[in-house]
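Undergrad: Predicted coordinates and the sequence they were generated for:
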Amino acid sequence: MITSNIFKGKKILILGLGITGINLYKALTASKAKVYTWDDNNKSLSNIQKNINLTNFKFNQLDYCVPSPGIVTVGLNAHPLISLLKKNSVKIISELDLFQIYLNSSINYLNGSIKVIATTGTNGKSTVVSIINHVLQKLNYDTSLVGNIGKPIFQSRVLKKGFYIIEASSYQLETTSIFRPNISILTNISEDHILRHKTLNNYVKQKFKIFQNLSDNDSAIISNDHYITKKLIDKISNKKKFNLIKVSGKNKKSSFYYDDLSIYKNSKFIYKSSNPNLYGSHNLENISLVVAFLSEIDRLNKKSLKAINSFKGLSHRQEILRKINKTTFINDSKATNIDSSIPALKSFKNIHWICGGIPKSHDMKLALPYLKNVKKIYVIGLEKDIFFTAFERYIEIDYLKDMKNAVQSAFLNSKKEKKIATVLLSPAAASFDQYKNFETRGNAFKKYITNL
């Protein structure tokens, strides 16, 4: 757990007591800050303390308010306390900003012994930060992998040297103003979290906050194939000086270019895909970002490339679970939007595709070019119409509603195939209608596969 005297005596309100809020409360309390809390669900407070009294609480005496990532802070849907805090001129900051305040008081950060690597984007974030963490550990660096990947930042152990590796979401970046990584990575951009951010432009602007404080000695590594990405990076790079490294699967003249098999640096071949756990062009993009990072820290060599090939992959990302006769079962529960499902649809044949949940995008027809690999679609979840509207004219599609029925139906139909078949869970939607998160959804799929 990270604690610091820099927070001693500070009056800080934590808004929302999920995993991040509770761990932040523990760290700040241990740092002898005066910590106040508010959660809309009073049951969340049973092991901590009661909500502040809104009638007589002196908001203007607060130093900071740190909202949990799930708390909306802008627009018409902003949490009711946000306007009250703004009226009292309370600084509303993110966990990332609070971490920066801690870093600015650390001699090991100021003297360069500690570096901060932050990654954001729509798809591939978790894979990129996990590969970076894996490779750096193979190179004998001390690392801490935290953030949106599941471990709150202030739950991290304190590093004296090495790398903090952070996965940052658009929710975390929404209230960020001073966070400044040494190296910032943007994986890619596609339509996501529109219910929260309202428009694609607003969503992208939150992502680009990861670059807003970079200066001369800092680096930005960007997957540069999205038109909005190109537009915004040219805009900020004209205003600020930092090392800009562009990664592309389209422009061979980019600093790093990848095709379906290989990666090139300044047109020179440097890596050929050979890790079965990192199959597909989307993973070549992920590896290219890692390779660019290794180049920036001057550790792009045979040992680091070998370490990439030893990466075992992540759960719920095109995870091969089991083979029964000619049927292979793939868990891709992390695919929470249609763009993140497409790589799996491209990668396998004779697919019995289980999808559904709460769609983040209404453009499901992006998958149409890849339906040639799909034998049948099985929809689960409460919102089925968007999937039927997009696909029923082109392919057989059934509404099974729950995972168990979908797995059983897909397996029975796959057994009728004369060729090798694939039962693929790749929801192209969020899980919250039926499951707590994508991990819970993926584990349910695993359970039903085990029981076949």
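TA: Nice, thanks for sending it over.
Undergrad: Please make it C-alpha for all contacts and neighbour counts, starting now.
TA: Will do.
Undergrad: and the residue most central in space within the chain, what does it touch?
TA: The structure's the chain has its C-alpha centroid closest to residue 125; by C-alpha atoms, centre = their mean the separation is 4.5 Å. With contact set as C-alpha atoms under 8 Å, 6 or more residues apart in numbering, residue 125 has these partners: 119, 167, 187.
Undergrad: Backbone dihedrals for it, please?
TA: For residue 125, the backbone dihedrals are phi -60, psi -50 (criterion: degrees, to the nearest 10).
Undergrad: if I look at it, how far off is residue 288?
TA: Using C-alpha to C-alpha, to the nearest Å, we find residue 125 at a distance of 13 Å from residue 288.
Undergrad: quick one: low-confidence ranges for the stretch 1-150 of the chain?
TA: Across the stretch 1-150 of the chain, the ranges flagged by pLDDT under 70 are 42-49.
Undergrad: and what of the stretch 151-300 of the chain?
TA: Scanning the stretch 151-300 of the chain for pLDDT under 70 picks out the ranges 190-198, 237-240.
Undergrad: burial count for the closest residue to residue 312 other than its chain neighbours?
TA: Of all residues not flanking residue 312 in the chain, residue 277 sits nearest, at 5.9 Å (C-alpha to C-alpha, 6 or more residues apart in numbering). When neighbours are defined as other C-alpha atoms under 10 Å, residue 277 has 17 of them.
Undergrad: again with residue 2
TA: Neighbour count of residue 2, defined by other C-alpha under 10 Å: 19.
Undergrad: Hmm, residue 26 and it touching each other?
TA: No. Counting by C-alpha atoms under 8 Å, residue 2 does not reach residue 26; the two are 9.6 Å apart.
Undergrad: Which one of the contacts of residue 125 sits in the busiest neighbourhood?
TA: Highest count within the contacts of residue 125 by other C-alpha under 10 Å belongs to residue 119, 28 neighbours.
Undergrad: Put the alpha carbons of the helix ranked longest in the chain into PDB.
TA: Longest helix in the chain, counting residues (DSSP state H): helix 281-296. The C-alpha coordinates for helix 281-296 follow below in PDB (Å, rounded to 0.1, in the frame of the first residue of the first chain):
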ATOM      1  CA  SER A 281      -3.200  -8.900 -36.400                       C
ATOM      2  CA  HIS A 282      -4.700  -7.200 -33.400                       C
ATOM      3  CA  ASN A 283      -2.000  -8.700 -31.300                       C
ATOM      4  CA  LEU A 284       0.700  -7.600 -33.800                       C
ATOM      5  CA  GLU A 285      -0.600  -4.100 -33.000                       C
ATOM      6  CA  ASN A 286      -0.300  -4.800 -29.300                       C
ATOM      7  CA  ILE A 287       3.200  -6.200 -29.700                       C
ATOM      8  CA  SER A 288       4.300  -3.300 -31.900                       C
ATOM      9  CA  LEU A 289       3.400  -0.900 -29.100                       C
ATOM     10  CA  VAL A 290       5.400  -3.000 -26.700                       C
ATOM     11  CA  VAL A 291       8.300  -3.100 -29.100                       C
ATOM     12  CA  ALA A 292       8.200   0.700 -29.500                       C
ATOM     13  CA  PHE A 293       8.200   1.100 -25.700                       C
ATOM     14  CA  LEU A 294      11.300  -1.200 -25.400                       C
ATOM     15  CA  SER A 295      13.000   0.900 -28.100                       C
ATOM     16  CA  GLU A 296      12.300   4.100 -26.100                       C
END
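Undergrad: Pull out the buried positions in that helix.
TA: Buried residues in helix 281-296, defined by neighbour count with 16 or more other C-alpha atoms under 10 Å: 281-294, 296.
Undergrad: repeat for stretch 50-60
TA: Going by 16+ other C-alpha under 10 Å, stretch 50-60 has these buried residues: 51, 59.
Undergrad: Same question for stretch 441-452.
TA: Using 16+ other C-alpha under 10 Å as the test for burial, stretch 441-452 gives 441-442, 445-446, 449.
Undergrad: Over to stretch 363-376?
TA: The neighbour-count check on stretch 363-376 (16+ other C-alpha under 10 Å) flags 364, 367, 370-371, 373-376 as buried.
Undergrad: now do stretch 242-261
TA: With the criterion 16+ other C-alpha under 10 Å, stretch 242-261 contains buried residues 242-249, 252, 254-259.
Undergrad: Tell me the one among these nearest to residue 13.
TA: residue 242 (34.5 Å; C-alpha to C-alpha).
Undergrad: Residue 220 is in contact with that closest one, correct?
TA: Yes. Between residue 242 and residue 220 there is a contact under C-alpha under 8 Å: 7.2 Å.
Undergrad: one step back: just the buried residues of stretch 242-261: which are in strands?
TA: Among the buried residues of stretch 242-261, the ones falling in strands (DSSP state E) are 243-248, 256-258.
Undergrad: Reformat the residues you listed as CSV; add distance to residue 67.
TA: Putting those into CSV (distance: C-alpha to C-alpha, whole Å) gives the following:
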residue, distance to residue 67
243, 32
244, 31
245, 32
246, 33
247, 33
248, 35
256, 37
257, 39
258, 39
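Undergrad: Pull the most distant pair out of these.
TA: Farthest pair in these (C-alpha to C-alpha) is 243 and 258. Separation: 20.3 Å.
Undergrad: if we can go back for a sec, what sits in contact with each of residue 242 and residue 220?
TA: By C-alpha under 8 Å, 6+ apart, no residue touches both residue 242 and residue 220.
Undergrad: Do a quick rundown of the helices in the stretch 251-400 of the chain.
TA: Counting by DSSP state H, counting those that start in this stretch, the stretch 251-400 of the chain has helices at residues 281-296, 302-309, 338-347, 385-391.
Undergrad: Likewise for the stretch 1-150 of the chain?
TA: Under the criterion DSSP H, counting those that start in this stretch, the stretch 1-150 of the chain contains helices at 19-30, 80-87, 95-103, 107-110, 125-138.
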